[in-house]
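K.L.:
Below: sequence and its predicted model.
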Amino acid sequence: MTAATETRTPDAAPALRGLYFVRFGFAVVWAGLLALTASDLGVAAGVLLVVYPLFDVAAAVVDARTTRARELLLNIVISSAAAIGLVFAATSGIPSVLRVWGAWAVLAGVVQLVVALRRRGLGGQWPMILSGGISVLAGGSFIAMASQAGASLTSLAGYATIGGIFFLVSAIRLGRTAKS
């Protein structure tokens, strides 16, 4: 069975819908907390930076168990590596954080794009396709920002908020597809 057909299990759409609502809520709360602490790279901001990819790992595990999308195993590895990288980057400064976050956004965005393209038959995946593509572009911009004077973490809060909105829209669309 291919990943495309594996994700068409009867429980996939409702389970993904619930997961996407949770991801939206987490992203918005996380972004708000980061915006409050982003003025410097203190302990609170450092913890938040590591928590985000760890949450992504947990969400990918839930998703992979529900849909059996094997590509998500790669996302689990990428996000785990990002969390470890961010532990070290946070001790080196904002430019290092932006480089690690940017690399993670690019790689995870590619995986998200592939998974969403394979899930088109479920419905509600166009927001995820767009989100994956935007993540790749945003990741490149974070890497570029790292070499600029006055680089800050506030752009990461915006990135998380936009990603959360895409999860919300996809969850809503999945609900409409399930009722059709």
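P.N.:
Received the coordinates, thanks.
K.L.:
For Leu72, see how far away Gln112 is.
P.N.:
From Gln112 over to Leu72 the distance is 9 Å, taken as C-beta to C-beta, to the nearest Å. Backbone N, C-alpha and C define where each C-beta goes, glycine included.
K.L.:
Tell me where this structure is predicted with low confidence.
P.N.:
Counting by pLDDT under 70, the chain contains low-confidence residues at 1-10, 176-180.
K.L.:
Just want to check the distance between the residue nearest in space to the middle of the chain and Ala90.
P.N.:
Computing the C-alpha centroid of the chain and ranking residues by C-alpha atoms, centre = their mean puts Asp56 first, at 6.0 Å. Counting by C-beta to C-beta, the gap between Asp56 and Ala90 amounts to 17 Å.
K.L.:
who touches the closest residue in space to Asp11 that isn't next to it in sequence in this structure?
P.N.:
Nearest non-adjacent residue to Asp11, counting by C-beta to C-beta, 6 or more residues apart in numbering: Thr66, 6.7 Å away. Each residue near Thr66 by C-beta atoms under 8 Å, 6 or more residues apart in numbering is listed here: Thr9, Asp11, Ala12, Ala15, Leu16, Leu19.
K.L.:
switch the cut-off to 7 Å
P.N.:
Asp11, Ala12, Ala15 (C-beta atoms under 7 Å, 6 or more residues apart in numbering).
K.L.:
Please identify the helix or strand for the closest residue to Trp104 other than its chain neighbours.
P.N.:
On the basis of C-beta to C-beta, 6+ apart, the spatially nearest residue to Trp104 that is not a chain neighbour turns out to be Ala82, at 3.6 Å. Secondary-structure assignment from DSSP states H and E places Ala82 in helix 71-90.
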